[in-house]
Every structure is written in C-alpha cells, then in structure tokens.
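Q: sequence and predicted model, in that order:
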Amino acid sequence: MIPDEIRDGKQIDSQREPDASSKHRQARYPGVIIEVCYSQKGRCVSHLADEYILSTDGSVSAVVALDIDYKGSKKATITVWRPEYATLDGKEELQATATIDALPFRTDCGLPIEETALRLSLRDFATQELSQGLTSLNQDFSITSTQLCDFLPRAKEEQPGQMLLQGSINRLRPGAGKRRRPQTPPEQPSSEDEG
C-alpha cells in the first residue's frame with residue numbers, strides 16, 4: 001500500500017492498492033508497480049504514477065501501465081514512468097517521467113508486436129540504499145510482448161470483480177460502528193527525560 005501524502009501540513013488520503021507490485025524484502029514500498037487500465041482510466045494513470053513515485057520519494061522505481069483498448073479493438077499499449085530529478089528555476093525537483101509512452105505491444109487483432117518488450121533491472125526492485133555496491137543487481141531482464149499478452153486475460157478476469165466490488169470480504173456486524181484512532185501530535189520529551 002502506498003502512504004498518505006502530506007500537503008501544506010494536512011494529510012491527504014491517497015492510499016492506493018496497485019494491480020500488481022513487487023519489492024525487495026527489506027524495502028518499505030514496492031519498487032515496481034503495474035497498473036492495468038482501460039482507455040478511460042488510462043487518462044488518470046499518469047496522476048497515479050505521480051502519486052506512487054512522489055509520495056514514496058522515488059522509492060517506487062517504475063510504474064508500468066498496460067492500457068487496453070475497450071472499444072472492440074484488442075490493441076494494448078505500455079507506458080512506464082520512472083523517478084527523475086529535474087532543475088526548474090534553479091531548484092531541484094523530483095518528478096515522474098514517462099520513459100516509454102503508449103508503446104503498442106498488442107495489435108488491433110490481439111497479436112503480440114514482436115519487437116516490443118518491457119526491460120527492467122533488478123535494481124528497480126530495491127531502493128538505492130539496498131542496492132548500493134551490489135553488482136549482482138546490475139542485471140536486466142525483458143518481458144516480451146507475448147508474455148505481456150498472456151498476462152492480460154488474467155488481469156481482465158479480475159477487473160470486473162474489482163469494478164463491481166466483488167469478492168470475499170469481512171462484514172461489519174449489524175449496528176456496529178467504526179472508531180478511528182484520534183490523531184495526536186507526538187509527545188515531546190521533557191528535559192528530565194532527555195537527561
């Protein structure tokens with residue numbers, strides 16, 4: 001789960017559950033996130049990429065969006081965002097940059113486009129701190145268009161259930177309410193405690 005974001009001292013509820021993710025076992029956040037979306041949701045996925053990357057200070061190394069056409073065509077594209085520092089008006093800022101933008105990997109007929117592949121590095125799954133000095137993480141690997149196309153039917157099967165809020169859940173007991181923990185500022189140690 002991606003954390004809430006703090007803006008102007010106020011907490012913004014931005015917790016999201018990606019469609020798929022993977023991380024190093026010692027990392028707090030996933031290094032690679034995959035979102036499967038249909039064209040209508042595809043317009044919003046760039047904002048999700050911003051949220052995932054910026055709210056984790058770049059701990060998310062890659063946000064991969066598989067965008068499926070939903071109007072009778074079987075065409076599908078892939079977009080990948082990565083964290084990047086840019087200098088604007090003399091100030092360095094972290095941003096999410098599309099390094100691959102709407103690259104087709106499946107034709108209108110549903111056939112894989114052979115030359116298209118998603119290339120990731122093992123470093124993508126860990127933070128810079130965890131991967132520092134580990135040359136074994138310099139390995140890249142590719143996921144072919146055929147593999148991406150094989151992944152889509154499984155994702156499509158899950159999509160209606162997610163959209164219709166189907167699936168097993170725990171239910172609140174009849175008449176029961178919910179109580180959230182009050183937000184209080186952290187306790188400040190007294191001068192005696194510091195001593």
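A: Received it, and whenever you're ready, just let me know what you need.
Q: which strand in this structure runs the most residues?
A: In the chain, assigned by DSSP state E, the strand with the most residues is strand 91-106.
Q: list the buried residues in the helix or strand following that one.
A: Beyond strand 91-106 on the C-terminal side, the first helix or strand identified by DSSP states H and E is strand 117-121. Within strand 117-121, the residues that qualify as buried by neighbour count (16 or more other C-beta atoms under 10 Å) are A117, L118, L120, S121. (Glycine included, C-beta is placed from N, CA and C.)
Q: tell me the one of those nearest E93?
A: Distance from E93 was checked for each of the buried residues of strand 117-121 by C-beta to C-beta. The minimum falls on S121, at 23.8 Å.
Q: by mean pLDDT, which helix or strand of the protein comes out lowest?
A: Averaged element by element with mean pLDDT, DSSP states H and E, the chain has its least confident helix or strand at strand 10-12 (a mean of 41).
Q: can you give me the buried ones in stretch 122-133?
A: L122, R123, D124, F125, A126, T127, L130, S131.
Q: so which residues of the protein form helices?
A: 39-42, 45-55, 128-131, 145-163, 191-194 (DSSP state H).
Q: what lies in contact with stretch 139-149?
A: When contacts are taken as C-beta atoms under 8 Å, 6 or more residues apart in numbering, the neighbours of stretch 139-149 outside the stretch itself are 66, 76, 78, 105-106, 110-122.
Q: and the contacts of the longest strand of the chain?
A: 46, 49-50, 52-54, 57-58, 63, 67, 74-87, 112-113, 116, 118, 145, 148-149, 152.
Q: now that strand against strand 117-121, angle please.
A: Using axes from the mean of the first three to the mean of the last three C-alpha atoms, to 10 degrees, the direction of strand 91-106 lies 140 degrees away from that of strand 117-121.
Q: using CSV, list the CA coordinates for strand 91-106.
A: Provided in CSV are the C-alpha atoms of strand 91-106 (Å, rounded to 0.1, in the frame of the first residue of the first chain):
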residue,chain,number,x,y,z
LYS,A,91,15.6,24.3,-7.8
GLU,A,92,15.9,20.5,-8.0
GLU,A,93,12.6,18.7,-8.0
LEU,A,94,11.7,15.0,-8.1
GLN,A,95,9.2,14.2,-10.9
ALA,A,96,7.7,11.1,-12.6
THR,A,97,8.8,10.9,-16.2
ALA,A,98,7.4,8.7,-18.9
THR,A,99,10.4,6.8,-20.3
ILE,A,100,8.1,4.7,-22.5
ASP,A,101,4.9,6.4,-23.7
ALA,A,102,2.0,4.4,-25.1
LEU,A,103,4.2,1.9,-27.0
PRO,A,104,1.9,-0.7,-28.6
PHE,A,105,2.6,-4.3,-27.7
ARG,A,106,-0.6,-5.9,-29.0
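Q: good, we can wrap up now.
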